[in-house]
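Undergrad: Let me see the structure of the following:
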Amino acid sequence: MRTKFFLFILLILPGIAAAQDATATESTTSLSSDPLFPMYLVTTLVFLVILLVLAVALYLVYVLNIMADQATKERAERLGLEYKPRPSWWNQMWQSMNASVPVAEEKDIELDHNFDGIKELDNHLPPWWKWLLYGTIAWSIAYLIIYHVTDSAPLSLEEYEAEMASAVTEKPKATIDEGTLTYTADQAMISNGKEIFIANCAPCHKNLGEGGVGPNLTDDYWLHGGDLKDIYRTINKGVPEKNMIAWETILGPEKIRDVAFFIMSIHGSNPPGAKAPQGDLYKPKSSGAAADTTKVQASLQ
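TA: Numbering: from 1, shown residues only. Here you go, the predicted structure:
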């Protein structure tokens with residue numbers, strides 16, 4: 001029976017992996033936009049490998065036990081002794097947890113009570129029940145000391161009141177109106193945007209925006225519009241068909257605005273190794289941003 005069980009485990013594991021592969025294939029479009037998708041995939045594969053290794057290890061232990069029992073049986077037969085099978089680890093654990101008396105030995109714990117032929121046995125509470133009782137007593141003492149004697153942790157009512165007070169005073173999440181967003185040469189915002197850009201965008205656009213896998217962000221040609229609002233929208237919503245994820249839930253509106261300001265500030269910087277122009281030519285309607293850009297770019301270098 002146990003052999004069939006282990007063989008069943010070994011047979012269904014590849015099926016589980018195949019089913020997860022199929023599920024992963026169906027949701028590739030949504031998951032591929034998540035920057036943590038490779039980590040999820042590796043974690044899933046590692047988990048499946050661990051399950052397979054555990055199943056194989058359990059089966060090997062089972063086989064070794066069978067071989068050991070067989071050797072013990074043959075040795076008993078050679079010596080002319082009676083062979084008594086060794087109980088399995090599960091039976092041993094079950095017996096230690098319940099401390100039950102075998103049926104053959106129930107005569108030893110019979111009481112004198114007899115009701116219509118039904119006899120009473122002097123069975124004790126199983127150890128697991130006693131451990132549970134002792135555990136609840138220990139926990140109640142610890143709870144009393146922590147919550148009522150030393151006041152080391154807040155009670156549920158206090159936690160509720162603190163959460164309600166925090167909700168009242170909590171600042172609302174920042175929102176940015178994309179339609180009225182205008183460029184300002186704020187060096188603090190641009191410096192912050194530069195740090196965020198290098199940490200998240202540089203793998204595709206390089207540190208200076210010269211372009212790599214992604215397009216060059218310093219010239220006059222743009223694939224999705226070169227206006228500040230276009231840049232903000234592109235970062236915020238992403239371009240899934242070109243494997244650019246939407247950063248709105250990862251960075252938030254303020255950080256996206258700072259990144260957009262940084263990209264505006266490096267316009268026309270002509271960094272070394274810049275990628276060839278891509279997309280359509282875009283010229284800003286006013287030169288005010290370009291003048292500010294030059295000053296900010298000089299201060300960042």
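Undergrad: The spatially closest residue to residue 73 that is not a sequence neighbour and residue 192, how far apart?
TA: Among residues not flanking residue 73 along the chain, residue 83 sits closest, at 4.9 Å (Cβ to Cβ, 6 or more residues apart in numbering). Every C-beta, even on glycine, is put in place using the N, C-alpha and C of the backbone. Distance of residue 83 to residue 192, given as Cβ to Cβ, to the nearest Å: 78 Å.
Undergrad: next one: residue 70
TA: From residue 70 to residue 192 the distance is 72 Å (Cβ to Cβ).
Undergrad: Of these two, give the one with the bigger neighbour count.
TA: residue 192 (18 against 10; other Cβ atoms under 10 Å).
Undergrad: The more buried one and residue 258 touch, don't they?
TA: Yes - assessed by Cβ atoms under 8 Å, residue 192 is found in contact with residue 258 at 4.6 Å.
Undergrad: okay, now residue 39: neighbour count?
TA: 10.
Undergrad: for residue 78, same thing?
TA: For residue 78, using other Cβ under 10 Å, the count is 8.
Undergrad: And for the one 3 residues further on?
TA: Residue 81 is surrounded by 9 other residues when neighbours are defined as other Cβ under 10 Å.
Undergrad: Could you say which helix or strand holds it?
TA: Using DSSP states H and E, residue 81 sits within no helix or strand.
Undergrad: can you pull the pLDDT of it?
TA: Residue 81 is assigned a predicted lDDT (pLDDT) of 83.
Undergrad: how close does it get to residue 102?
TA: From residue 81 to residue 102 the distance is 22 Å (Cβ to Cβ).
Undergrad: Likewise for residue 203?
TA: 68 Å.
Undergrad: of the two, who's got more company?
TA: Higher neighbour count among residue 203 and residue 102: residue 203, with 12 against 7, using other Cβ under 10 Å.
Undergrad: Using the three-state scheme, assign the more buried one.
TA: helix (DSSP: H, G, I helix; E, B strand; the rest coil).
Undergrad: So for it, what pLDDT did the model give?
TA: Looking at residue 203, the pLDDT reads 91.
Undergrad: Correct me if wrong: it contacts residue 213.
TA: Yes - using Cβ under 8 Å, residue 203 is in contact with residue 213, at 7.5 Å.
Undergrad: going on from the helix or strand containing residue 142, what's the next piece of helix or strand?
TA: In the assignment (DSSP H and E), residue 142 maps to helix 127-144. Counting by DSSP H and E, the next helix or strand C-terminal to helix 127-144 is helix 156-169.
Undergrad: just how off-centre is that next one within its chain?
TA: How far helix 156-169 lies from its chain's middle: 28 Å, per Cα atoms, centre = their mean, to the nearest Å.
Undergrad: Repeat that for stretch 175-183.
TA: Using Cα atoms, centre = their mean, the offset of stretch 175-183 from its chain centre is 34 Å.
Undergrad: Return the set of buried residues in it.
TA: Of the residues in stretch 175-183, 181, 183 count as buried by neighbour count, 16 or more other Cβ atoms under 10 Å.
Undergrad: okay, now residue 267: neighbour count?
TA: Quick note: residue 267 (other Cβ under 10 Å) scores 21 neighbours.
Undergrad: do the one 4 residues further on as well
TA: The burial count assigned to residue 271 is 16, neighbours taken as other Cβ under 10 Å.
Undergrad: can you check the one 10 residues further on too?
TA: Residues within reach of residue 281, counting by other Cβ under 10 Å, total 10.
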